[in-house]
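>>> below is the structure, and that's it, no one-letter string:
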Ligand code: FAD
């Protein structure tokens, strides 16, 4: 059977399940935010899916999974499509499954929520807030991103300062997966077993439901403290974190970013380095006093409603990869890197890096927690000078400074953050995607010879 025949047969069997195949729709649904990387942009901009299916229920997901296995079509899952590494770009065409209609909150109780995977993170957080609780963490793309996409493609973000990364124990405790077989199975993973699927880029089973920890809600104060010197800003943030100040976000952004933060005006002037933060109301006085003790000053402090009313972005859109987005809107010559610093963090290392790279790199740093310890990340803007120069820079940051680079210019799980093949994820793929149809090309751990042989259907060519 040719690909065209297989797609036609697949479509005919969809029996009322919603699908789209017009060119504009396919083009929009075949992309994510890979364009932050000129290297990925060259590689991925022409990759297109051939059909988008939009199941409305788990039953429809299961029906699609069975047809995918029957007709041996590549399948790429898609939530909000906000990933940065082409995670939901279909490298081999085929079917894109949009999961955003699976958006029901199934259960909320104290400390726990169980929800369908396609729920938008902001809607989920709102649902938690109605019960006096909130999510432990979210990406700054919470408005568009889905919880399933965050678990399958993300790592942590706003809130990680307080609660660690997604993969830290207890943060995600339940995942329900549908397998891609002629007779799809339901597999439930609990506690540490969820690591088989977490950050697997949708290569090993369709996540339809997840269970997450919740924490009592806080009405975070969105604020910024300004310092005369990036080292002062960094030292303030690290000492606030070490001192256990109750914050949901602490982001250091150096002054050269100020022109990109156009809405902030004097709240973030070009002659000061900033700490953007979400601080517990009970800690604001301490935040202010400690900033002043280091020669800083608080330039604004507002609730989320007040900050919206003032026409400003919430603090969580001033950090993590939203910072890159602000800069790229104004200047397409930038790209970026993701840097993890050696522990314990030394602000002098950052000052040495700033001196070494001058106008080639602009810096911002994220205070986080990983494996129970304080972990500082940077997502510096990098003036793009070609692929070779990008990899020379990566090698230098690793060898000279002892930093670990999570390469955002690659499409496989292993070449990016994970660094090595996760055998348990590959073993699970044999069970959940035995024909190797899911998001082909995104894991180096899978090769065609691992696929289950199916005598009856033959190969799709
Ligand atoms: P998608 O991009 O749709 O999918 C991501 C991956 O998950 C794909 O491989 C897809 O195939 C797979 N997938 C989607 N749904 C499912 C499912 N139901 N079952 C199995 N696999 C599935 N990420 C962070 O971790 N932290 C951040 O702070 C952060 N900040 C960002 C800021 C900006 C401005 C941008 C552009 C991106 C940022 N990201 C961040 C990356 C991304 O936004 C998040 O990881 C987001 O949670 C992804 O969710 P999504 O629904 O958009 O996933």
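Happy to help now that I have it. The structure presented is a predicted model; accordingly, all values stated were derived computationally and were not measured.
>>> hey, let's count contacts and neighbours off CA atoms from now on
Noted.
>>> count of residues packed around the nearest residue to residue 327 once chain neighbours are set aside?
Spatial nearest neighbour of residue 327, chain neighbours left out: residue 260 (5.5 Å); criterion: CA to CA, 6 or more residues apart in numbering. As a burial measure, the neighbour count of residue 260 was computed by other CA atoms under 10 Å and equals 18.
>>> how close does the nearest residue in space to residue 105 that is not next to it in sequence get to residue 261?
Closest residue in space to residue 105, ignoring its immediate chain neighbours: residue 115 at 4.3 Å, by CA to CA, 6+ apart. In this view, residue 115 and residue 261 are 35 Å apart by CA to CA, to the nearest Å.
>>> these two - which one has more neighbours?
residue 115 (23 against 20).
>>> phi first, then psi, for that one.
According to degrees, to the nearest 10, the main-chain angles of residue 115 amount to phi -150, psi 150.
>>> and it, what pLDDT?
Listed pLDDT for residue 115 reads 98.
>>> do the one 5 residues further on as well
The predicted structure scores residue 120 at 98 on the pLDDT scale.
>>> next, find the distance separating it from residue 168.
22 Å.
>>> same thing with residue 238?
21 Å.
>>> who has more neighbours out of these two?
With neighbours defined as other CA under 10 Å, residue 238 and residue 168 compare such that residue 238 has more, 21 against 18.
>>> for the helix or strand harbouring that one, which residues meet the burial criterion?
Counting by DSSP states H and E, the secondary-structure element that holds residue 238 is helix 230-242. Residues of helix 230-242 classed as buried: 230, 231, 232, 233, 234, 235, 236, 237, 238, 240, 241 (neighbour count, 16 or more other CA atoms under 10 Å).
>>> pLDDT of it, averaged?
Model confidence over helix 230-242 averages 97 on the pLDDT scale.
>>> could you show which parts of the stretch 101-250 of the chain are in contact with the ligand?
On the criterion CA under 6 Å from any ligand atom, the ligand has as its neighbours in the stretch 101-250 of the chain the residues 117, 139-141, 145-146, 148-150, 152-157, 201-202, 206-208.
>>> helix, strand, or coil at residue 429?
Under the three-state scheme (DSSP: H, G, I helix; E, B strand; the rest coil), the conformation of residue 429 reads as helix.
>>> now do the contacts for it.
Applying CA atoms under 8 Å, 6 or more residues apart in numbering to residue 429 gives the contacts 203, 204, 205, 436.
>>> let's have those in a markdown table, adding pLDDT, secondary structure and distance to residue 319.
Conversion of those to a markdown table gives the following (pLDDT from 0 to 100; DSSP: H, G, I helix; E, B strand; the rest coil; distance: CA to CA, whole Å):
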| residue | pLDDT | secondary structure | distance to residue 319 |
| --- | --- | --- | --- |
| 203 | 98 | coil | 29 |
| 204 | 97 | coil | 31 |
| 205 | 98 | coil | 32 |
| 436 | 97 | coil | 37 |
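>>> and the two most separated of those residues?
Across these, the two members that end up farthest from each other (CA to CA) are 205 and 436, 10.3 Å apart.
>>> neighbour count winner among these two?
Neighbour comparison, residue 205 and residue 436: the larger count goes to residue 205, with 30 against 26 (by other CA under 10 Å).
>>> thought the more buried one was touching residue 180?
Yes: contact between residue 205 and residue 180 holds when scored by CA atoms under 8 Å: they sit 6.6 Å apart.
>>> test my guess that residue 383 contacts residue 361.
Yes: taking contacts as CA under 8 Å, residue 383 lies within contact range of residue 361: 6.3 Å.
>>> ok, which stretches of the stretch 51-200 of the chain are strands?
When secondary structure is read from DSSP state E, counting those that start in this stretch, the stretch 51-200 of the chain shows strands at 51-53, 75-78, 95-98, 105-109, 112-116, 133-135, 172-178, 186-190.
>>> tell me what angle the fifth one forms with strand 105-109.
Using axes from the mean of the first three to the mean of the last three CA atoms, to 10 degrees, one finds that strand 112-116 and strand 105-109 are set 180 degrees apart in direction.
>>> check the last one too.
Strand 186-190 and strand 105-109 are oriented at 30 degrees to each other (the same axes, to 10 degrees).
>>> break the chain into its domains for me.
As given by automatic domain parsing, the domain ranges for the chain are 3-99+427-450, 105-217, 221-302+339-405.
>>> pull up the distance across the longest one, start to finish.
This means domain 221-302+339-405. Criterion CA to CA; first-to-last residue distance in domain 221-302+339-405 is 32 Å.
>>> roughly how far is that domain from the heart of the chain?
Going by CA atoms, centre = their mean, to the nearest Å, the spacing between the C-alpha centre of domain 221-302+339-405 and its chain's C-alpha centre is 19 Å.
>>> mean confidence score for stretch 124-137?
The predicted confidence, averaged over stretch 124-137, sits at 98.
>>> and if you look at stretch 9-20?
The average pLDDT for stretch 9-20 rounds to 97.
>>> likewise for stretch 384-399?
Averaged over stretch 384-399, pLDDT sits at 98.
>>> stretch 264-283 too?
Taken as a whole, stretch 264-283 has a mean pLDDT of 98.
>>> buried sites along that stretch?
In stretch 264-283, the ones that count as buried by 16+ other CA under 10 Å are 264, 267-270, 272-281.
>>> stretch 357-375 now?
361, 362, 363, 364, 365, 366, 367, 368, 369, 370, 374, 375.
>>> who does the closest residue to the fourth one other than its chain neighbours form a beta bridge with?
Distances taken as CA to CA, 6+ apart put residue 253 closest to residue 364, at 4.4 Å, once the chain neighbours are dropped. Judged by DSSP bridges, the bridge partners of residue 253 are residue 274, residue 364.
>>> tell me the contacts of residue 253?
With CA under 8 Å, 6+ apart as the criterion, the residues that contact residue 253 are 230, 273, 274, 275, 276, 319, 363, 364, 365.
>>> name the residues that touch the helix or strand the fifth one falls within?
Using DSSP H and E, residue 276 sits in strand 273-279. With CA under 8 Å, 6+ apart as the contact definition, strand 273-279 has outside contacts at 220-230, 233, 237, 246-255, 268, 287, 315-316, 318-319.
>>> which residues in this structure form helices?
3-13, 23-29, 38-44, 58-71, 121-129, 147-153, 160-163, 230-242, 284-293, 304-309, 320-330, 347-357, 387-401, 423-432 (DSSP state H).
>>> so how many other residues sit close to residue 328?
When neighbours are counted by other CA under 10 Å, residue 328 registers 18.
>>> before we move on, what about residue 303?
What residue 303 shows, counting by other CA under 10 Å, is a neighbour count of 17.
>>> just give the nearest non-adjacent residue to it, would you?
Of all residues not flanking residue 303 in the chain, residue 221 sits nearest, at 4.9 Å (CA to CA, 6+ apart).
>>> again with residue 70
residue 182 (5.7 Å).
>>> sorry, back to before: got the angle between the strand holding residue 276 and helix 284-293?
Counting by the same axes, to 10 degrees, strand 273-279 points 170 degrees away from the direction of helix 284-293.
>>> between helix 230-242 and strand 273-279, find me the angle.
What separates the directions of strand 273-279 and helix 230-242 is an angle of 20 degrees, with the same axes, to 10 degrees.
>>> how far out from the middle of the chain is the helix or strand of the chain with the lowest mean pLDDT?
The element with the least model confidence among the helices and strands of the chain, by mean pLDDT, DSSP states H and E, is helix 320-330, at a mean of 92. Taking CA atoms, centre = their mean, the mean C-alpha location of helix 320-330 is offset from the chain mean by 15 Å.
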